[in-house]
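Trainee: What follows is a predicted structure for the sequence shown.
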Amino acid sequence: MFGFTAPAPLAGAFFCARQHVRGGIDPLSRYAAGIVGSSPNRGAFSQASNRGGMTSFDGVVIGAGHNGLTLAAYLARAGMKVAVLERNAIIGGGCSTDSDRLPGFRLNLHANFYMGMSHCPLIEDLELYRYGFSYIEPPVQQAAVFRDGTGIVIHKDLDKSCASLARFSRQDAETFRALWHTYCIEMRPLLASLLYNAPLPREQLLDRLSGPQAKELLSHAQHDLFSVVRKHFVDERIRTLFTSYMHVITTENVAGAGIVFPAIFANIASFTLPVGGAVSLVNALARVVEAGGGQVVTGADVREIKVESGRATGVTLADGRFIAGRKFVASAIDFPATVQMAGEELFPAPVREKAKAWHWGNHSLVTLHLALRHAPAYRAAAFDPEIARAYNIFFGMDHIDEVASCFEDCAAKKFPKVLMGNGACNSHFDPTYAPPGQHAAFWWPFAPYSVDGGPQEWDRNRKDYTQRILDYWRVYASNLEGDNLLGSTLFTPLDVERLNINMRQGAVRMGAYVPSQLGINRPHPLLPGSRTPVEGLYLCGSSSGNGGGVNGAPGYIAATAIADDLRLKRTWTPVPPPEWKH
Ligand SMILES: Cc1cc2nc3c(=O)[nH]c(=O)nc-3n(C[C@H](O)[C@H](O)[C@H](O)COP(=O)(O)OP(=O)(O)OC[C@H]3O[C@@H](n4cnc5c(N)ncnc54)[C@H](O)[C@@H]3O)c2cc1C
């Protein structure tokens, strides 16, 4: 229903996007506070709460990122009075949109590519289109361009993708077609079930998934990231595309990480752009919370989760105020911080140890945002003109060894010799991202948090790093200079952490994707289905329940758990549990 497949890319895309804003709300109108840099609602409860002086709610949610707001929105619809408490002056967390750094241009500082939206239950369940959220799914989805001027293009149209891949390897094109049928079509509902249900212990999972196809799916767990790509593809350039694509979600190249391949592949042609900015999603969710009588409060820095007689009863803010959660407290921030706030002694030793050893990841992203007159002109468009219409664009790596070198440098805390990563020119698809007739483009190569001696080096050498990234980008795009370049700004891994305290060390996913932090291990098998040993305390942030990236899964899973525990009347039909016997 949300997919865009009409041939005329721009006009069609807008028609499609707009038709979902049925309530006629400008995505940015009410929650301008969600845009970084605009006059935010600082340090106070929202007007309604100031009037009522409310400090007691059915439930309290810590953190107004999209997961905390998802949980609050579902429970508000189920009749709970919920407060969502956000320490920053703006809501959104990793779904923020900046309008100050390059005035007139909207920059998504964190998430830009919302993936798999057509399988995301939130959109329909919460009627987000009525509250101002819509997205565009461009027909030319992704491209990888190379130094020799060639490029691979992934379309929404399978035949077109295969034709592009076949220019590099016919065998890989056929493999791609087979994988598409398996993971993007046949098993796609299963992958959504796995995402939106609480992760299961291995034995239970094996019980539910049997038959040759399921066996093949699970066999990916034998691989690391590189070997899983080598297993499927033979051409070096096609391999570089897939290894970088998998690294993008902060998966590390360790044994067992290959298990993420099917789920990632399933989204290869479902990259979407949020209309008006990434923040439009959290603004819509906040409106749902408020429509259900809840409150979203900024400048509310939670310091402690109050536990009385083994039960979470509320939270204490940095300014000393106590906000009661009569029925539940849900934490949408990172797992280690949650354990600290509630009191380590309340968790079993293995959980405490894991919280202390949480792996934030070896690589983060450094983003160069550009204000341009004309969109980047990629040289490889001469090889395939569709590259000029591609949404997500990868470059910097021609060979799998270069991918490996980039991640070795990141792990060694060095500015990578090989800069590689992906980016987009959002204004090409949604003109609201830039002033009329101009363009907003970004590229975010992989980079370490601590660089060349420490994280502070990002600040000290900002100009130099900016120049090095721009020079690299210019190898692939011919017009990033002179009159065409109106401005630039660099958003570093240190800036990521500054803006979002739970993205520690610039952790893009609130904790790396390594087997010990995936599935039932995210965060720990002793904390299954969002529940904790503390009665009434739930986890709903990205370091829990299949979290990481913008999918709302941890918020959704926790909302279902709380609704079950409190015997609430659900307003939604839960995504069916995973089952596959073929
Ligand atoms: C550079 C970059 C690019 C990315 N690109 C993509 C992408 O293209 N696609 C994608 O899907 N994902 C992407 N991500 C990841 C994505 O942004 C996150 O996974 C996602 O936003 C996390 O959502 P969340 O709700 O779980 O947590 P968050 O968005 O981090 O929300 C948590 C909130 O809690 C608040 N908080 C923390 N501590 C407290 C406290 N003590 N009291 C009160 N509030 C508190 C924080 O301020 C924050 O607002 C990217 C991330 C980065 C850094």
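Mentor: Here it is on my side, so go on. Bear in mind the structure is a predicted one, so any value in this text is a computation, not a measurement.
Trainee: can we go C-alpha only for contacts and neighbour counts from here?
Mentor: Will do.
Trainee: Return the residues of the stretch 401-550 of the chain in contact with the ligand.
Mentor: Within the stretch 401-550 of the chain, the residues that sit near the ligand (C-alpha under 6 Å from any ligand atom) are 496, 500, 501, 502, 508, 509, 541, 542, 548, 549, 550.
Trainee: Can you tell me which of those residues are buried?
Mentor: Buried residues within these, counting neighbours by 16 or more other C-alpha atoms under 10 Å: 496, 500, 501, 502, 508, 509, 541, 542, 548, 549, 550.
Trainee: any chance of those residues in JSON lines, plus secondary structure?
Mentor: Formatted as JSON lines, these follow (DSSP: H, G, I helix; E, B strand; the rest coil):
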{"residue": "496", "secondary structure": "helix"}
{"residue": "500", "secondary structure": "coil"}
{"residue": "501", "secondary structure": "coil"}
{"residue": "502", "secondary structure": "coil"}
{"residue": "508", "secondary structure": "coil"}
{"residue": "509", "secondary structure": "coil"}
{"residue": "541", "secondary structure": "coil"}
{"residue": "542", "secondary structure": "coil"}
{"residue": "548", "secondary structure": "coil"}
{"residue": "549", "secondary structure": "coil"}
{"residue": "550", "secondary structure": "coil"}
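Trainee: Tabulate those (TSV), appending distance to residue 417 and pLDDT.
Mentor: Below are these laid out as TSV (distance: C-alpha to C-alpha, whole Å; pLDDT from 0 to 100):
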residue	distance to residue 417	pLDDT
496	22	97
500	28	95
501	29	95
502	29	94
508	21	91
509	24	89
541	34	96
542	31	96
548	28	91
549	27	93
550	30	97
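Trainee: Around the ligand, which positions in the stretch 1-150 of the chain sit nearby?
Mentor: Residues of the stretch 1-150 of the chain found near the ligand (C-alpha under 6 Å from any ligand atom) are 62-68, 85-88, 91-95, 110-114.
Trainee: So the residue of the stretch 151-300 of the chain found nearest the ligand, which state does it fall into?
Mentor: At 5.7 Å from the ligand, residue 300 is the closest residue in the stretch 151-300 of the chain, using C-alpha to the nearest ligand atom. Secondary structure, three-state DSSP: residue 300 is coil.
Trainee: For the nearest residue to it once chain neighbours are set aside, report the pLDDT, please.
Mentor: Leaving out its chain neighbours, the residue that sits closest to residue 300 by C-alpha to C-alpha, 6 or more residues apart in numbering is residue 87, at 4.5 Å. Here, the pLDDT recorded for residue 87 equals 97.
Trainee: And the one 10 residues further on, by the same measure?
Mentor: Reported pLDDT at residue 97 in the predicted model: 97.
Trainee: Bridged to it, which residues?
Mentor: Bridge pairing for residue 97 (DSSP bridges) gives the partners residue 35, residue 108.
Trainee: What is the burial count for it?
Mentor: Neighbour count of residue 97, defined by other C-alpha atoms under 10 Å: 27.
Trainee: returning to that earlier point: from memory the residue nearest to residue 300 sits against residue 296, does it?
Mentor: No - if you go by C-alpha atoms under 8 Å, residue 87 and residue 296 don't touch, sitting 11.0 Å apart.
Trainee: Please export the C-alpha coordinates of stretch 134-148 as PDB.
Mentor: Output in PDB follows, covering the C-alpha atoms of stretch 134-148 (Å, rounded to 0.1, in the frame of the first residue of the first chain):
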ATOM      1  CA  SER A 134       4.500   9.800   5.300                       C
ATOM      2  CA  TYR A 135       7.400   8.500   3.300                       C
ATOM      3  CA  ILE A 136       8.600   8.100  -0.200                       C
ATOM      4  CA  GLU A 137       9.900   4.800  -1.600                       C
ATOM      5  CA  PRO A 138      12.000   5.800  -4.600                       C
ATOM      6  CA  PRO A 139      11.900   3.400  -7.600                       C
ATOM      7  CA  VAL A 140      15.700   3.500  -8.000                       C
ATOM      8  CA  GLN A 141      16.700   2.300  -4.600                       C
ATOM      9  CA  GLN A 142      20.400   1.900  -4.300                       C
ATOM     10  CA  ALA A 143      23.600   2.200  -6.300                       C
ATOM     11  CA  ALA A 144      27.300   1.400  -5.700                       C
ATOM     12  CA  VAL A 145      29.700   3.400  -7.900                       C
ATOM     13  CA  PHE A 146      33.300   2.600  -8.500                       C
ATOM     14  CA  ARG A 147      36.500   4.500  -9.400                       C
ATOM     15  CA  ASP A 148      36.600   3.200 -12.900                       C
END
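Trainee: So for it, mean pLDDT?
Mentor: For stretch 134-148, mean pLDDT rounds to 97.
Trainee: again, but for stretch 570-582
Mentor: Here the average pLDDT along stretch 570-582 is 94.
Trainee: One more: stretch 370-385?
Mentor: pLDDT averaged over stretch 370-385 gives 98.
Trainee: And the helices in the stretch 51-200 of the chain?
Mentor: Per DSSP state H, counting those that start in this stretch, the stretch 51-200 of the chain carries helices over the ranges 66-77, 121-125, 158-166, 170-179, 188-196.
Trainee: Please produce CSV containing those helices, extended by distance to residue 242.
Mentor: Shown next, in CSV, are the helices of the stretch 51-200 of the chain (distance: least, C-alpha to C-alpha, whole Å):
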stretch, distance to residue 242
helix 66-77, 28
helix 121-125, 27
helix 158-166, 12
helix 170-179, 11
helix 188-196, 19
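Trainee: Dump these to TSV, plus distance to residue 284, mean neighbour count and mean pLDDT.
Mentor: Shown next, in TSV, are the helices of the stretch 51-200 of the chain (distance: least, C-alpha to C-alpha, whole Å; neighbours: other C-alpha atoms under 10 Å; pLDDT from 0 to 100):
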stretch	distance to residue 284	mean neighbour count	mean pLDDT
helix 66-77	9	30	98
helix 121-125	10	17	97
helix 158-166	33	18	98
helix 170-179	35	17	98
helix 188-196	20	21	97
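Trainee: How many residues are close by the residue of the stretch 151-300 of the chain closest to the ligand?
Mentor: Residues lying near residue 300 (other C-alpha under 10 Å) number 24.
Trainee: And for residue 401?
Mentor: By other C-alpha under 10 Å, the residues close to residue 401 number 11.
Trainee: now residue 450
Mentor: Around residue 450 there are 24 other residues, counting by other C-alpha under 10 Å.
Trainee: Would you confirm that it contacts residue 413?
Mentor: Yes - taking C-alpha under 8 Å as the definition, residue 450 is a contact partner of residue 413 at 5.5 Å.
Trainee: Please give me every residue in contact with residue 470.
Mentor: residue 368 (C-alpha atoms under 8 Å, 6 or more residues apart in numbering).
Trainee: Which secondary structure element is home to it?
Mentor: Using DSSP states H and E, residue 470 maps to helix 462-476.
Trainee: Next: residue 313.
Mentor: Assigned by DSSP H and E, residue 313 belongs to strand 311-317.
Trainee: buried ones in that strand?
Mentor: 311, 312, 313, 314, 315, 316, 317.
Trainee: related to what we said a few turns ago, next helix or strand past the helix holding residue 470?
Mentor: Next element after helix 462-476 (DSSP H and E): strand 485-491.
Trainee: partner strands of that next one, parallel or antiparallel?
Mentor: strand 367-372 (antiparallel).
Trainee: Output the contacting helices and strands for the helix or strand just after the partner strand.
Mentor: Using DSSP H and E, the helix or strand that follows strand 367-372 towards the C-terminus is strand 392-395. Strand 392-395 sits against strand 140-145, strand 421-425, with contacts defined as 3 or more C-alpha pairs under 8 Å, 6 or more residues apart in numbering; DSSP states H and E.
Trainee: send the alpha carbons of the following helix or strand past the shortest one over as CSV?
Mentor: Proceeding C-terminally, strand 421-425 gives way to strand 439-447 as the next helix or strand, assigned by DSSP H and E. In CSV, the C-alpha atoms belonging to strand 439-447 read as follows (Å, rounded to 0.1, in the frame of the first residue of the first chain):
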residue,chain,number,x,y,z
HIS,A,439,19.9,20.5,-2.8
ALA,A,440,20.9,18.8,0.5
ALA,A,441,23.2,15.9,0.1
PHE,A,442,25.3,13.9,2.6
TRP,A,443,27.8,11.1,2.7
TRP,A,444,28.6,9.1,5.9
PRO,A,445,31.8,7.1,5.6
PHE,A,446,32.5,4.6,8.4
ALA,A,447,34.8,6.0,11.1
